[in-house]
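Q: fold the stuff below for me.
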Amino acid sequence: QVPLVEFGGGTVQPGESLRLSCRTSGPFFGISVMAWYRQAPGKERELVGSIYRGASTNYADSVKGRFTISRDNGKNMVYLQMDSLKPEDTAVYYCNSPANYDTGPWGQGTQVTVSS
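A: Predicted coordinates:
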């Protein structure tokens with residue numbers, strides 16, 4: 001079973017919303033901190049935000065006030081609600097534990113394109 005599966009991406013216009021989902025399994029059961037990352041073409045992968053098991057969150061300045069991370073521990077799901085999307089939010093979005101950033105595994109990600 002693939003431990004991380006991201007889905008929910010798509011193509012939207014500026015100002016619109018998308019909700020991404022991440023299904024976790026295996027080694028990610030019960031993990032305390034999960035995060036969303038994104039990677040735009042030609043750029044490094046960057047942290048979008050993270051959520052602790054108790055639901056406290058923090059966000060990159062570029063998305064603060066527009067994106068919201070949540071999780072359902074019972075369903076092993078992590079979500080990223082993205083509102084007021086901008087063209088610069090275009091990227092492949094991934095979820096993972098920060099502890100696994102260097103070693104993986106990584107999921108396949110989900111593409112988000114914001115374009116008029």
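Q: where does the prediction get shaky in this protein?
A: Scanning the chain with the threshold set as pLDDT under 70 gives 1-2, 27-30.
Q: residue contacts, the residue nearest the centre of it?
A: Note on the chain: the residue nearest the mean C-alpha position is Trp36, at 3.0 Å, using CA atoms, centre = their mean. Neighbouring residues of Trp36 by CB atoms under 8 Å, 6 or more residues apart in numbering: 20, 22, 47-50, 67, 69, 78, 80, 93-95. C-beta: built from backbone N, CA, C; applies to glycine.
Q: and which of these is nearest Val112?
A: Nearest to Val112 among the contacts of Trp36, counting by CB to CB, is Tyr93 at 5.6 Å.
Q: spit out the contact partners of that closest one.
A: Glu6, Gly9, Leu20, Trp36, Tyr37, Arg38, Val48, Leu80, Gly109, Thr110, Gln111, Val112.
Q: where along the protein do the strands fall?
A: Using DSSP state E, the strands assigned to the chain run over residues 4-7, 10-12, 18-24, 33-39, 46-52, 57-59, 67-72, 77-82, 91-96, 110-114.
Q: how close does the closest residue to Asn76 other than its chain neighbours sit to Val78?
A: Nearest non-adjacent residue to Asn76, counting by CB to CB, 6 or more residues apart in numbering: Thr24, 4.7 Å away. Between Thr24 and Val78 the distance is 7 Å, computed by CB to CB, to the nearest Å.
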